[in-house]
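Enquirer: for reference, the sequence and a predicted model appear below.
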Amino acid sequence: MRGHVIDPSPTPQGAAAPATNVTRAGDVRAMAARRRRRLLGLAAVLALLVVACLLSVAVGAKQIPLDNVWHALFQPTGTEDDVVVRSLRLPRTLLGLVAGIALGVAGALMQGHTRNPLADPGLLGVTYGAAFTVVLGIYALGVTSLYGYVWFGFVGALLASVGVFLLGSVGRGGPTPVTLALAGAAMSNLLYALTAVVVLLDSQALDVYRFWKVGAIAGRDPDLVVQVLPFLVVGLVVALANAPGMNALALGEDVARSLGHRVGLTRGLGIAAITLLTGATVAVCGPIGFIGLVVPHVARLVVGADYRWILPYSGLLGATLLLLADVAGRVVARPGELQVGIMLAVVGVPFFIVMVRRRKLVRL
């Protein structure tokens, strides 16, 4: 066998190694390209949000030239236009920005945790919990100040969501998407009935409830935003920390546990974030619908199923949609205006129907 020469060419088994390396390199390039697209999309949404903020400050029932708006923002001298921009429009824009971010993120969390594409933050009973405690405070304690019933609303939202979580946790399996949705629907109907009883007993409670239930960012004191801002910040931090766990839950609870995630803790953090974000927003603005329902679907169509991207996109898109709807409400009814809750219902329903008909909702 002295004349035998060993062929140095790779064996069929070894031939797979270069192909594998090429595949891995292609996957890395594809992931990098996807990340660039998502970052560019996030920058585009952020730019759109800046435009919406500028329109919110510049457009209103009173026409103010753009140079006067600029003067009011950076070189105020106490003119009437300066007062309108700085005392009315700027606080309203900031509240719309904060409320839109909170509702968009809460909607994405709600749909992710309940696995329900039609879920919105109100499904946990947060909205009706706030409404019930607001009218109860007016009826039983004579609370008439906005500062007073805002805190009643926030406490009611917290208690309702905790009650839903406890009801959904009854049983061996703990809280599941189905039990949470059923408990939320039951709690919402109960609180709605109790609210109706109190409203029928007291005309003052009816007047306040009717104004609050429309959902608006106009006429709110900027100090209220400062008071609830810490709760919103904590809610956003908890929501972002909840994103990796939600990605694991999307694969199934058994897979999430095998990956080392504590399913109960993940769900608890998600519900805590939903409660803080929605409770604080509803207490100040009233129930503003359709943002938490529509915006997460738009975010998924853009970035896919990764909640580390869905949550930031949902927040920015939610703020943009809320501010643009508020601007539209000022324009269509001049010299008066339509509240943002009404405008979102008018715009949101057709938009959602078109989106459903043109493309199937992303499965959760």
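Expert: Nice, thanks for sending it over. Numbering: from 1, shown residues only.
Enquirer: residues in contact with the nearest residue to Val155 once chain neighbours are set aside?
Expert: Computed as Cβ to Cβ, 6 or more residues apart in numbering, the closest residue to Val155 that is not its neighbour in sequence is Thr133, at 5.9 Å. C-beta coordinates here come from the backbone N, C-alpha and C atoms, glycine included. Neighbour list for Thr133: 152-153, 155-156, 159 [criterion: Cβ atoms under 8 Å, 6 or more residues apart in numbering].
Enquirer: please apply the same query to Val98.
Expert: Contacts for Val98 were tallied using Cβ under 8 Å, 6+ apart; they are 225, 229, 232, 281, 319.
Enquirer: in the stretch 51-200 of the chain, which spans are helices?
Expert: Using DSSP state H, counting those that start in this stretch, the helices assigned to the stretch 51-200 of the chain run over residues 66-74, 80-83, 90-114, 126-141, 146-168, 177-201.
Enquirer: export those to JSON lines and append columns for distance to Leu46 and mean pLDDT.
Expert: Below are the helices of the stretch 51-200 of the chain laid out as JSON lines (distance: least, Cβ to Cβ, whole Å; pLDDT from 0 to 100):
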{"stretch": "helix 66-74", "distance to Leu46": "20", "mean pLDDT": "83"}
{"stretch": "helix 80-83", "distance to Leu46": "28", "mean pLDDT": "84"}
{"stretch": "helix 90-114", "distance to Leu46": "12", "mean pLDDT": "91"}
{"stretch": "helix 126-141", "distance to Leu46": "28", "mean pLDDT": "83"}
{"stretch": "helix 146-168", "distance to Leu46": "29", "mean pLDDT": "80"}
{"stretch": "helix 177-201", "distance to Leu46": "32", "mean pLDDT": "85"}
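Enquirer: out of these, nearest to Ala216?
Expert: Among those, the nearest to Ala216 by Cβ to Cβ is helix 90-114 (9.5 Å).
Enquirer: quick one, what contacts the residue most central in space within the chain?
Expert: The residue lying closest to the centre of the chain (Cα atoms, centre = their mean) is Gly104, at 2.0 Å. Contacts for Gly104 (Cβ under 8 Å, 6+ apart) come out as 291-292, 295-296, 299, 314-319, 321.
Enquirer: a markdown table for the contacts of Val98, including secondary structure and neighbour count?
Expert: Converted to a markdown table, the contacts of Val98 look like this (DSSP: H, G, I helix; E, B strand; the rest coil; neighbours: other Cβ atoms under 10 Å):
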| residue | secondary structure | neighbour count |
| --- | --- | --- |
| Val225 | helix | 20 |
| Leu229 | helix | 13 |
| Leu232 | helix | 21 |
| Thr281 | helix | 35 |
| Ala319 | helix | 28 |
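Enquirer: remind me which residues of the stretch 151-300 of the chain are low pLDDT?
Expert: For the stretch 151-300 of the chain, applying pLDDT under 70 flags the ranges 171-175.
Enquirer: just want the angle from the strand or helix carrying Leu224 to helix 177-201.
Expert: Using DSSP states H and E, Leu224 maps to helix 222-249. Angle, helix 222-249 to helix 177-201, by axes from the mean of the first three to the mean of the last three Cα atoms, to 10 degrees: 160 degrees.
Enquirer: for helix 222-249, packing partners?
Expert: Helices and strands in packing contact with helix 222-249 are listed as helix 90-114, helix 146-168, helix 253-258, helix 263-285, helix 307-332; criterion 3 or more Cβ pairs under 8 Å, 6 or more residues apart in numbering; DSSP states H and E.
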